[in-house]
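Participant: need a structure here:
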Amino acid sequence: MHHPTRQKTTREIVKKVREGESQEIQGIRGIGKTHLLKEVERQLSLTRNYLPVRATFTPFLDNRANVFWSLVSAIAEKIGVKVKTPSQLAERLRSEACIELPDVLTRDYSCEYHEQILTLLSSIELDLGVIPLLMIDDYHYGKENALVELAKYPIILTTIFPVQERGIKTISIETLSVNEIYEVLQERTGEVEQDGAKTLKELTGGIPSYLHAMLPKLSDWVKRRKLSLDKVIVRRVWEEEITGGMLALMARAYIQTYLTFFGKEAIMDLMNLGTEKKVTSSTNFEILRKIGLVKDNSIVDNVLEEWLRRVQKY
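Facilitator: Residues are numbered from 1 along each chain as shown. Below you'll find the model as predicted:
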């Protein structure tokens, strides 16, 4: 689901990469950060000038090791090396790409990863003749801010909240407009009414992940019943999914992420928006507004808002 607005954003990111700029793709859960990152990776992979290396950060782990081994895997794939053990990999990289891995890696997988990441980045450029591009997904899970100091090479991060590191340009991802939703629905279902697209925008907030989750059932309604997709069908499918389907599962996962980062008090403040209850912390409100989850004293993620309302009710 790569509509014209995201295509334009992709082109802008690729252009900045070629100019040597590091960037962060920032937005709330489900907004399409990872999809955009993969599309940038796909486009740059088509050229011979760059070697995109994508790593995903996870909580509670040393993500520098994650980045290091992603670099090693990318180098191995670039030169067509397929091996089963670290020692075999080290030998093949040494003989075929003149790249030395530290001996300690063949024994216990541990090393000073920051130094070795720099070494591998230089090796990619000097020995393989391409520019390495680190692409780190879910950067908000990491605490290794030193990675962004690798300023000699462009870096692209995806994150829920702005990293605020020097030399990194923030690209904020917005929700889909009614017209963009209409175009997607028309492409996938063939028959769609304008009020169907408008209703879907109202119910999902224009968040791409929710639209993507609903598309199979929406398309099925149109094809099996030979109907035009209107607001009645959209509301029916949405109700099924928010009650106990994919939308409910996604909202639960998203709220768990926000809970992990911002704490229970912030989630309670989120639930109190739009009610007579007062927000307990202006700091929480500013954080939620800063990441784009709250705008004009209301929750941008309409599915999450409805799911919280139902949880609170029962």
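Participant: what's near enough to touch the nearest residue to N297 once chain neighbours are set aside?
Facilitator: Leaving aside its chain neighbours, N297 sits nearest to L273 (6.3 Å; criterion: Cβ to Cβ, 6 or more residues apart in numbering). C-beta coordinates here come from the backbone N, C-alpha and C atoms, glycine included. Going by Cβ atoms under 8 Å, 6 or more residues apart in numbering, L273 touches V279, V294, N297, S298, I299.
Participant: Quick check: the last one touching M271?
Facilitator: No. At 9.2 Å, I299 does not count as touching M271 under the criterion of Cβ atoms under 8 Å.
Participant: Show me which of these two is the more surrounded one.
Facilitator: Comparing I299 with M271 by other Cβ atoms under 10 Å, the one with more neighbours is I299, at 21 against 17.
Participant: While we're on the nearest residue to the more buried one once chain neighbours are set aside, how confident is the model there?
Facilitator: Spatial nearest neighbour of I299, excluding adjacent residues (Cβ to Cβ, 6+ apart): E305 at 4.1 Å. At E305, the model reports a pLDDT of 90.
Participant: E305 touches V294, doesn't it?
Facilitator: No. If you go by Cβ under 8 Å, E305 and V294 don't touch, sitting 10.2 Å apart.
Participant: Who has more neighbours out of the two?
Facilitator: V294 (22 against 19).
Participant: was I right about the more buried one contacting M271?
Facilitator: No. With contact defined as Cβ under 8 Å, V294 does not count as touching M271 (11.9 Å).
Participant: Show me the strands in this structure, by range?
Facilitator: Secondary structure of the chain by DSSP state E: the strands cover 22-26, 50-56, 131-137, 155-159, 168-172, 294-295, 298-299.
Participant: Sheet partners, orientation included, of the fifth one?
Facilitator: By that I understand strand 168-172. Strand 168-172 has the following strand partners under DSSP bridges: strand 22-26 (parallel).
Participant: now the partner strand: mean pLDDT?
Facilitator: When pLDDT is averaged along strand 22-26, the result is 92.
Participant: quick one: buried residues of it?
Facilitator: S22, Q23, E24, I25, Q26 (16 or more other Cβ atoms under 10 Å).
Participant: Also stretch 243-256?
Facilitator: Buried-residue list, stretch 243-256, by 16+ other Cβ under 10 Å: G245, M246, L247, A248, M250, A251, Y254, I255.
Participant: could you give the mean pLDDT of it?
Facilitator: Averaged across stretch 243-256, the pLDDT comes to 93.
Participant: quick one: it to chain centroid distance?
Facilitator: Put simply, stretch 243-256 sits 17 Å off its chain's centre (Cα atoms, centre = their mean, to the nearest Å).
Participant: and what of stretch 296-314?
Facilitator: That offset, for stretch 296-314, works out to 22 Å (Cα atoms, centre = their mean).
Participant: What of stretch 229-242?
Facilitator: Averaging C-alpha positions (Cα atoms, centre = their mean) puts stretch 229-242 26 Å from its chain's average.
Participant: how's the chain carved up into domains?
Facilitator: 4-172, 178-244, 247-313 (automatic domain parsing).
Participant: which stretch in the ones you listed is the model least sure about?
Facilitator: domain 4-172 (a mean of 77).
Participant: Return the distance of the biggest helix by length in the chain from the chain's centre.
Facilitator: Identified as the longest helix of the chain according to DSSP state H is helix 246-272. Taking Cα atoms, centre = their mean, one finds the center of helix 246-272 at 17 Å from the center of the full chain.
Participant: Kindly report the same for stretch 226-241.
Facilitator: The answer for stretch 226-241 is 28 Å, by Cα atoms, centre = their mean.
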